[in-house]
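**Student:** Here is a sequence together with a model predicted from it:
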Amino acid sequence: SQQGEEDPQALSIQEGENATMNCSYKTSINNLQWYRQNSGRGLVHLILIRSNEREKHSGRLRVTLDTSKKSSSLLITASRAADTASYFCATGPDTGRRALTFGSGTRLQVQP
Amino acid sequence: NAGVTQTPKFQVLKTGQSMTLQCAQDMNHEYMSWYRQDPGMGLRLIHYSVGAGITDQGEVPNGYNVSRSTTEDFPLRLLSAAPSQTSVYFCASSSSQGRNEKLFFGSGTQLSVL
């Protein structure tokens, strides 16, 4: 079963606008990560936030984590057409199987 | 560095055929894994390995075998291909430092089983 579930499934915005994607998960985690996938390509790691962190920034990316609500958000500011891609959250569990569990992703379309 | 290299990029099989998807990394990563990606779904873990000689099952292991004889290579074998195994397969690796650190992905193998 999917650990992380992204919301919305699809998002279409204009260039220059901000894009916000949300991720909810079910079990205790060690960290949460966001990945990007361009059409027909492999996934590329964007940012990792640990369970004891609440917010993290990387360039135009801002990630928040609320462990009490078991949720995270990814904000892309001042979006560009080149940001068009699918974005996935992935959770790393505290214990048990050492493996990331991926959500089903958000498809972001940035209109020029 | 080449990173994670997967071959082939595309493959068409007939039901019942067997084949091996190759994965190699040149980053000296201890951890390697195989995922499959189906339309509208996220990635699902097939098998993973935390080091040479050590493998374990993921979420969807049936119909697949793996082995890890070297740190660099982690091949995925389809024993008897079925149409349900039509998917895009990704190999990924990460360092052994810490638990569940970021993954480096290959570019994928698109497999069709007729």
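**Tutor:** Cool, got the structure. Predicted model only: the values in this text are computed from it and were never measured.

**Student:** mind listing what the residue of chain A found nearest chain B touches?
**Tutor:** At 2.7 Å from chain B, residue A:92 is the closest residue in chain A, using Cβ to the nearest Cβ. Heads up, the C-betas are built off the backbone N, CA and C, glycines and all. By Cβ atoms under 8 Å, 6 or more residues apart in numbering or on different chains, the contact set of residue A:92 is A:29, A:30, A:31, A:32, A:33, A:99, A:100, B:99, B:100, B:101.

**Student:** Could I get the pLDDT score of it?
**Tutor:** At residue A:92, the model reports a pLDDT of 86.

**Student:** Where does it fall, secondary structure wise?
**Tutor:** Using DSSP states H and E, residue A:92 falls within strand A:85-93.

**Student:** for residue B:2, helix, strand, or coil?
**Tutor:** With DSSP: H, G, I helix; E, B strand; the rest coil as the basis, residue B:2 sits in coil.

**Student:** ok, it - contacts?
**Tutor:** Applying Cβ under 8 Å, 6+ apart to residue B:2 gives the contacts residue B:26.

**Student:** Check the spacing between it and chain A real quick.
**Tutor:** Here residue B:2 is placed at a distance of 13 Å from chain A (Cβ to the nearest Cβ, to the nearest Å).

**Student:** roughly how far apart are that residue and residue B:106?
**Tutor:** 10 Å (Cβ to Cβ, to the nearest Å).

**Student:** what's the following helix or strand after the helix or strand of chain A with the lowest mean pLDDT?
**Tutor:** Every helix and strand of chain A was ranked by mean pLDDT, DSSP states H and E. The lowest is strand A:5-7, at a mean of 85. Next along the chain after strand A:5-7, taking DSSP H and E as the criterion, comes strand A:10-14.

**Student:** Centre of the chain to the next helix or strand after that following strand, how far?
**Tutor:** Per DSSP H and E, the first helix or strand lying C-terminal to strand A:10-14 is strand A:19-24. On the basis of Cα atoms, centre = their mean, to the nearest Å, strand A:19-24 sits 6 Å off its chain's mean C-alpha point.

**Student:** got the CA positions of strand A:19-24 in PDB?
**Tutor:** Extracted in PDB, the C-alpha atoms of strand A:19-24 (Å, rounded to 0.1, in the frame of the first residue of the first chain):
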ATOM      1  CA  ALA A  19       2.800  25.900  -6.800                       C
ATOM      2  CA  THR A  20       2.000  24.000  -3.600                       C
ATOM      3  CA  MET A  21       1.800  20.200  -3.300                       C
ATOM      4  CA  ASN A  22       0.800  18.200  -0.200                       C
ATOM      5  CA  CYS A  23       1.800  14.800   1.000                       C
ATOM      6  CA  SER A  24       0.200  12.800   3.800                       C
END
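
**Student:** report the angle between the axes of it and strand A:10-14?
**Tutor:** Interaxial angle of strand A:19-24 relative to strand A:10-14 (axes from the mean of the first three to the mean of the last three Cα atoms, to 10 degrees): 160 degrees.

**Student:** ok, residues contacting strand A:19-24?
**Tutor:** Strand A:19-24 has contacts (Cβ under 8 Å, 6+ apart) with A:4-8, A:11, A:13, A:32, A:34, A:69-76, A:79, A:83, A:87, A:89, A:103, A:106, A:108, A:110.
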